[in-house]
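Colleague: here is the input, now give the coordinates:
(one chain, ligands or ions: 2)
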Amino acid sequence: MKLHEDGYVVIPVMDANLVGIFRDAFVSAMTVFPEFRRDPDDPTRTVDGQLFGEKDSNHVMGGFGAFGNPASFHNPFVRNIRIFLRHAVIGFFQDFVERHFDEPVLMEQLFDRMCLRPAGTSTTREQWHRDLNPTALDGDVVLGGWINLDDDPQFFSCAPGTHHDVVAAVQQGSGFQKVQAPVSTEKVVVPPGHLLIFYQRLLHEVHPRRLKKPSFRQFVCWRITRHPGSTLQRHSIEQIVRDQAVPRLPSDQIPPIYGKNHASFHLHKPNGPISWSARLLQPCCVTGGMGHRFMKSLREYDMPMYRSYDDIETSLLTPQDSWSLPDASTFHWSVDNIMNMSILQHEPRMTLHLY
Ligand SMILES: O=C(O)CCC(=O)C(=O)O
Ligand SMILES: [Fe+2]
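Modeller: Ligands and ions are numbered 1, 2, ... in the order given. The predicted structure follows:
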């Protein structure tokens with residue numbers, strides 16, 4: 001199986017029409033993020049008139065573009081895509097589990113980030129790394145990846161097969177483990193509407209690229225485990241869901257809205273965090289001129305919260321081997337239906353099994 005042999009796989013999950021719908025829902029979700037200020041006449045623009053997806057208007061600083069505000073983990077776009085993807089990947093995971101695990105396992109989805117890379121920005125070449133999962137238990141397999149929500153291909157730069165390397169240090173520390181550039185690398189194409197899945201242990205880098213158009217993706221992560229209990233989410237999934245808080249990432253890090261570098265040597269630059277915070281963030285998310293690098297929950301900010309999570313949704317975020325879900329294949333995916341969370345009322349239900 002390709003995922004097992006090479007350490008990654010790319011599978012189609014959405015046609016071009018659906019990519020457009022989910023991308024529009026991504027933008028719609030941004031237009032109501034309560035942490036940000038917007039043009040009152042056009043909520044797709046910042047107060048100084050820049051469209052989301054234009055340079056300097058992004059909801060996180062830096063070229064990587066992965067969000068860190070609490071609403072980005074609890075809005076209808078991201079919650080619908082969790083349900084959508086479970087249907088889209090279950091067949092693949094059934095096959096994977098049957099071939100590569102000798103004993104029964106469970107699967108959970110981990111919270112991960114929405115990502116928008118604005119036109120005119122660049123991702124900088126980051127060192128080759130493996131993503132570490134310090135809270136994973138013995139025998140766990142943690143698979144990351146993303147779904148491409150653009151009309152153009154995206155790319156993943158990796159060293160196939162290196163997830164088989166024996167790396168004792170891999171369970172230690174959080175974040176990522178930096179390594180020398182490998183000898184044999186591959187630039188993997190992730191076409192529109194395709195899902196990339198890779199072992200987090202696979203050696204990879206952030207693909208360096210300058211963008212002509214805004215680029216959208218949803219990062220995703222799954223853990224396959226023998227151990228019941230939500231280990232990677234030991235930081236209380238109940239509290240994250242109840243308060244609509246920023247969850248820890250699979251790397252056990254809390255996602256920031258700007259980097260350490262921004263907070264130090266870029267501080268007073270025209271587009272540094274002080275001016276960025278003042279232009280983009282609501283005043284309660286700013287202290288002493290600086291936006292909260294690690295944001296509080298929507299509850300703590302006393303901001304409007306999204307509807308509470310349904311049992312269907314929390315079941316996806318805890319290790320299980322079957323899930324009772326609304327039948328997504330008969331659901332009409334539209335931006336309105338996504339934004340209204342209509343999927344939760346959709347009948348009939350069906351049970352998806354890992355075995
Ligand atoms: O954005 C990229 O090119 C790679 C991102 C990455 O390192 C990851 O998904 O773990
Ligand atoms: Fe990575």
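
Colleague: if you count neighbours, what's buried in the helix or strand hosting residue 261?
Modeller: Using DSSP states H and E, residue 261 maps to helix 260-263. Residues of helix 260-263 classed as buried by neighbour count (16 or more other CB atoms under 10 Å): 262, 263. Yep, even glycine has a C-beta here, placed from its N, CA and C like the rest.

Colleague: following that helix, which helix or strand comes up?
Modeller: Downstream of helix 260-263, the first helix or strand assigned by DSSP H and E is helix 273-280.

Colleague: and that following helix, what's its mean pLDDT?
Modeller: If you average the pLDDT over helix 273-280, you get 92.

Colleague: tell me which helix or strand comes right after that helix.
Modeller: Toward the C-terminal end, the helix or strand that comes next after helix 273-280 (DSSP H and E) is strand 286-287.

Colleague: quick check: neighbours of that next one in the sheet, parallel or antiparallel?
Modeller: strand 290-291 (antiparallel) (DSSP bridges).

Colleague: can you give me how far the partner strand is from the chain middle?
Modeller: How far strand 290-291 lies from its chain's middle: 23 Å, per CA atoms, centre = their mean, to the nearest Å.

Colleague: ok, now which ones touch residue 317?
Modeller: Each residue near residue 317 by CB atoms under 8 Å, 6 or more residues apart in numbering is listed here: 82, 108, 109, 110, 111, 230, 233, 237, 241.

Colleague: which residues of the chain lie near ligand 1?
Modeller: 131, 144, 156, 204, 206, 207 (CB under 6 Å from any ligand atom).

Colleague: and the fifth one, how close does it get to residue 152?
Modeller: Put plainly, it is residue 206. Noted for residue 206: a distance of 18 Å to residue 152, by CB to CB, to the nearest Å.

Colleague: more neighbours, the two?
Modeller: Taking other CB atoms under 10 Å, residue 206 and residue 152 do not tie; residue 206 has more neighbours (16 against 11).

Colleague: residue 182 sits in which helix or strand?
Modeller: Judged by DSSP H and E, residue 182 forms part of no helix or strand.

Colleague: what about the closest residue to residue 160 other than its chain neighbours, how many neighbours?
Modeller: The spatial neighbour of residue 160 that comes closest, neighbours along the chain excluded (CB to CB, 6 or more residues apart in numbering), is residue 6 at 4.1 Å. Counted by other CB under 10 Å, the residues lying close to residue 6 total 20.

Colleague: cool, residue 283 as well?
Modeller: Other residues close to residue 283 by other CB under 10 Å number 9.

Colleague: let me see the contact set for residue 150.
Modeller: So residue 150 contacts 19, 23, 192, 213, 215, 216, 217 (CB under 8 Å, 6+ apart).

Colleague: before we move on, the earlier item: can you redo the contacts of residue 317 as JSON lines with neighbour count, secondary structure and pLDDT?
Modeller: JSON lines is the format used below for the contacts of residue 317 (neighbours: other CB atoms under 10 Å; DSSP: H, G, I helix; E, B strand; the rest coil; pLDDT from 0 to 100):
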{"residue": "82", "neighbour count": "17", "secondary structure": "helix", "pLDDT": "97"}
{"residue": "108", "neighbour count": "21", "secondary structure": "strand", "pLDDT": "94"}
{"residue": "109", "neighbour count": "19", "secondary structure": "strand", "pLDDT": "95"}
{"residue": "110", "neighbour count": "24", "secondary structure": "strand", "pLDDT": "94"}
{"residue": "111", "neighbour count": "25", "secondary structure": "coil", "pLDDT": "95"}
{"residue": "230", "neighbour count": "21", "secondary structure": "coil", "pLDDT": "79"}
{"residue": "233", "neighbour count": "23", "secondary structure": "coil", "pLDDT": "64"}
{"residue": "237", "neighbour count": "19", "secondary structure": "helix", "pLDDT": "88"}
{"residue": "241", "neighbour count": "19", "secondary structure": "helix", "pLDDT": "95"}
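
Colleague: ok, those vs ligand 1, which is closest?
Modeller: Closest approach to ligand 1 among these (CB to the nearest ligand atom): residue 110, at 12.5 Å.

Colleague: roughly how far does the closest one sit from residue 158?
Modeller: Using CB to CB, one obtains 20 Å as the distance from residue 110 to residue 158.

Colleague: please apply the same query to residue 311.
Modeller: Computed as CB to CB, the residue 311 to residue 158 distance reads 37 Å.

Colleague: circling back: in strands, which of the residues of the chain next to ligand 1 appear?
Modeller: 131, 144, 156, 204 (DSSP state E).
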